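[1] Let's see this in three dimensions:
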Amino acid sequence: MKVFTLAFVVSVVTAASLPTLRCRDSTYRFVGRVNPETKELTWPSTGVAFSFTGTTASININSVRGTASVSLYIDGNEPIVIPSIDGSPIRTPTLPLGNHTVEIRKRSETNFGTFRITNVTTDGTFAPSVAPTRKIEIIGDSISVGYGLDGVLPCTDTALLQNNPKTYGAVAAQALGADYSVVAWSGKGLVRNYASNPPDTQPPMPVVYTRYGANDEDDSFTFPSSWVPDAVVINLGTNDFSYLNVREPVNPAALIEALSALIESIHAQYEDAQFFLVSSPLLSDYWPTIEDAQKTTHIRVLQTVIERLDALKIHFVDWPTQGSDVGCDYHPNEATQAQGADLLIEAIQTALGW
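    Next up is the predicted model:
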């Protein structure tokens, strides 16, 4: 992982240092779920993509809230990691004169910070940026966020240790040549969030999913026809199972009802999409007790939903319980995420013929 300070890859653009051309809205495109009214990058892996002919380009931002980390991709090479967005432009290094592609993706989730895009500038000329025709949406919790992915237990999760572009969904999408959107938030569940004292009174993921930006109002997402996924990947339920010393174990029937309702609401908007329900690598049949059998119970929930909604195209992806090598707070590390990506790739290729 290449990590640079902002001083290396970001500088203030001035007329003396860089002759810039203000881009029109058509010269760059948002990636991920971004509200076009606010242009605020909130969800993990949101960003912008564009192409230009020249030597340098700059992504100009403002209205920074909190601390967000970003991966900067140039010409498809390994990303440059920007550990903290502070309001300065994100600028490419000086490149050989020629055609270049640029993409940024937020590594970190909403809680660590958001920022708005004002425009993109270059010392050359912009070329059209064409999105892949294949599209995948990933809906989930901290597993789909990439919580603590780059850390080694024991460690404390930070914006820099989160790495959404290395999560199972993002890696699968990249391998399949698909554009992707991640709607995920750590601690969220299907009917209740991670067990805490006092209880988390914020809405669970099915409610949060209806927001355009992660901090927008409920039911603000408009399901634009310009971005319709071929595959919808759902990995939820892990946090519902947490209960020790806080509350009673979850009722599997409640999970079945909530997941069925979520899928049906999405299918009403994306009638041709196929669904992929992924089991949790954080659940096992031996913790917290053998009697709980949380892994098996979660799998039965997913399979029951598939049987109930047999008229829809829904597929089960069984992600085994992870091993002892883990990231922060026992979350999946890069190797475990890569395993999940391989399983998802196989499932999508089989179902969609990609």
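[2] for the lengthiest helix in the chain, packing partners?
    What stands out as the longest helix in the chain, according to DSSP state H, is helix 334-352. Contact here means 3 or more CB pairs under 8 Å, 6 or more residues apart in numbering; DSSP states H and E; on that basis helix 334-352 packs against helix 168-175, strand 231-235, strand 274-278, strand 314-317. (Glycine included, C-beta is placed from N, CA and C.)
[3] neighbours of the residue nearest to residue 328 when sequence neighbours are not counted, just the number please.
    Sequence neighbours aside, residue 148 is the residue nearest to residue 328 in space, at 2.6 Å (criterion: CB to CB, 6 or more residues apart in numbering). Using other CB atoms under 10 Å, residue 148 has 25 other residues around it.
[4] Against residue 50, how distant is residue 148?
    31 Å (CB to CB, to the nearest Å).
[5] Same question for residue 75.
    Distance of residue 75 to residue 50, computed by CB to CB: 12 Å.
[6] neighbour-wise, which of these two wins?
    Taking neighbours as other CB under 10 Å, residue 75 and residue 50 compare with residue 50 leading, 21 against 14.
[7] What are the neighbouring residues in contact with the nearest residue to the more buried one once chain neighbours are set aside?
    Nearest residue to residue 50, sequence neighbours excluded (CB to CB, 6+ apart): residue 28, at 3.8 Å. Counting by CB atoms under 8 Å, 6 or more residues apart in numbering, residue 28 makes contact with 48, 49, 50, 120, 126, 129.
[8] Where do the strands of the stretch 101-250 of the chain begin and end?
    Here the stretch 101-250 of the chain has its strands, by DSSP state E, counting those that start in this stretch, at 113-122, 125-127, 135-140, 179-184, 231-235.
[9] Make TSV from the ones you listed and add mean neighbour count, distance to residue 296 and mean pLDDT to it.
    Shown next, in TSV, are those (neighbours: other CB atoms under 10 Å; distance: least, CB to CB, whole Å; pLDDT from 0 to 100):
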stretch	mean neighbour count	distance to residue 296	mean pLDDT
strand 113-122	21	38	96
strand 125-127	15	52	96
strand 135-140	25	20	98
strand 179-184	25	24	98
strand 231-235	26	17	98
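[10] Quick check: which of the helices and strands packed on helix 334-352 is nearest to residue 188?
    Closest to residue 188 of these, according to CB to CB: strand 231-235, at 11.0 Å.
[11] Could I get the CA-only coordinates of the closest one as PDB?
    Provided in PDB are the C-alpha atoms of strand 231-235 (Å, rounded to 0.1, in the frame of the first residue of the first chain):
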ATOM      1  CA  ALA A 231     -26.500  -7.700  -9.500                       C
ATOM      2  CA  VAL A 232     -27.500  -6.700  -5.900                       C
ATOM      3  CA  VAL A 233     -25.300  -8.200  -3.200                       C
ATOM      4  CA  ILE A 234     -26.600  -8.200   0.300                       C
ATOM      5  CA  ASN A 235     -24.500  -9.200   3.400                       C
END
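[12] between the next helix or strand after it and strand 231-235, how big is the angle?
    Downstream of strand 231-235, the next assigned helix or strand under DSSP states H and E is helix 252-267. Orientation note: helix 252-267 sits at an angle of 160 degrees relative to strand 231-235 (axes from the mean of the first three to the mean of the last three CA atoms, to 10 degrees).
[13] Now do the same contact list for residue 55.
    By CB under 8 Å, 6+ apart, the contact set of residue 55 is 94, 95, 96, 97, 123, 124.
[14] From the residues you listed, list just the buried residues.
    Among these, those scoring as buried are 95, 123, 124 (criterion: 16 or more other CB atoms under 10 Å).
[15] what number of residues lie near residue 169?
    Neighbours of residue 169 (other CB under 10 Å): 32.
[16] ditto for residue 76
    Residue 76 has 7 nearby residues by other CB under 10 Å.
[17] Same question for the one 4 residues further on.
    The number of residues packed near residue 80 is 20, by other CB under 10 Å.
[18] Might one say that it is in contact with residue 74?
    Yes: counting by CB atoms under 8 Å, residue 80 touches residue 74, with 7.3 Å between them.
[19] Now do the shared contacts for the two.
    With CB under 8 Å, 6+ apart as the test, residue 80 and residue 74 both reach residue 93.
[20] Which positions within stretch 301-311 qualify as buried?
    Buried positions in stretch 301-311, judged by neighbour count with 16+ other CB under 10 Å: 301, 302, 303, 304, 305, 306, 308, 309.
[21] Please apply the same query to stretch 345-354.
    345, 347, 348, 351, 352.
[22] ok, so of the buried ones among the contacts of residue 55, who is nearest residue 334?
    Comparing the buried ones among the contacts of residue 55 against residue 334 with CB to CB picks out residue 95 as the nearest, at 28.1 Å.
[23] Now do the same for the closest residue to that closest one other than its chain neighbours: its pLDDT.
    Nearest non-adjacent residue to residue 95, counting by CB to CB, 6+ apart: residue 55, 5.2 Å away. Per-residue confidence at residue 55 stands at 98 (pLDDT).
[24] which residue sits closest to residue 343, ignoring its sequence neighbours?
    Spatial nearest neighbour of residue 343, excluding adjacent residues (CB to CB, 6+ apart): residue 317 at 5.4 Å.
[25] Please apply the same query to residue 333.
    residue 327 (4.3 Å).
[26] Name all residues that make contact with that neighbour.
    147, 148, 149, 150, 151, 152, 153, 155, 161, 333.
[27] now the third one: how far from residue 267?
    Relative to residue 267, residue 149 is positioned 30 Å away (criterion: CB to CB).
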